[in-house]
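*Asks:* Coordinates only, no sequence provided:
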């Protein structure tokens, strides 16, 4: 069966997509997370003391005809994705800094002649207390991360649906 050239182009359009590869950086020494370097944005996000990266402009300010609703949705997705990465990085950086400070405090309070078994018991007790102490904070972070991640998944699905519509209908 021979298909007309227009059908071949349509089939190729549906099955061929632009090649994108996000890169993964080396471990952060404090958060122990490997940052993602997105190749579909101009500059990688720079995590700061805030867990939320604020964009200086509202996406609704750009009413230029070249900025379609699909494009605005894609920009919104990219910003939300960076905000979630910054939240994750900042939470684990701050948590690990506090844990390491508590660990150093426990170890420095032990005499130099302490046996390794006593050191292990002290660290075990620290960890047990840390988990109890941080439970509420961890649950709050986890709930916030899950909520934002689900919102990003929905937004990504909307972006991909828009791309599919553009491929099919032009």
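*Replies:* Thanks, I have the structure now. None of these values were measured; they are calculated from a predicted model.

*Asks:* C-alpha from now on. contacts and neighbour counts both.
*Replies:* Noted.

*Asks:* who does the longest helix seen in the chain touch, helix- and strand-wise?
*Replies:* Across the chain, the helix with the greatest residue count (assigned by DSSP state H) is helix 116-169. The contact analysis (3 or more C-alpha pairs under 8 Å, 6 or more residues apart in numbering; DSSP states H and E) places helix 116-169 against helix 5-15, helix 69-109.

*Asks:* make it 7 Å
*Replies:* Helix 116-169 is packed against helix 69-109, with contacts defined by 3 or more C-alpha pairs under 7 Å, 6 or more residues apart in numbering; DSSP states H and E.

*Asks:* Show me which positions of stretch 149-162 end up buried.
*Replies:* In terms of neighbour count (16 or more other C-alpha atoms under 10 Å), stretch 149-162 has its buried residues at 149, 152, 155-156, 158-159, 162.

*Asks:* average pLDDT for stretch 103-114?
*Replies:* Regarding stretch 103-114, the rounded mean pLDDT is 94.

*Asks:* Stretch 6-20 too?
*Replies:* Averaged over stretch 6-20, pLDDT sits at 61.

*Asks:* And for stretch 123-136?
*Replies:* For stretch 123-136, mean pLDDT is 97.

*Asks:* so how far is that stretch from its chain's centroid?
*Replies:* 26 Å (C-alpha atoms, centre = their mean, to the nearest Å).

*Asks:* go on, stretch 69-80?
*Replies:* Per C-alpha atoms, centre = their mean, the displacement of stretch 69-80 from the mean C-alpha position of its chain is 16 Å.

*Asks:* tell me the mean pLDDT for it?
*Replies:* Averaging pLDDT along stretch 69-80 yields 88.

*Asks:* List the buried residues for that stretch?
*Replies:* Neighbour counts over stretch 69-80 (16+ other C-alpha under 10 Å) mark 70, 72-74, 76-80 as buried.

*Asks:* ok, the most centrally placed residue in the chain to residue 33 distance?
*Replies:* What sits nearest the mean C-alpha location of the chain, by C-alpha atoms, centre = their mean, is residue 85, with 2.6 Å. Computed as C-alpha to C-alpha, to the nearest Å, the residue 85 to residue 33 distance reads 10 Å.
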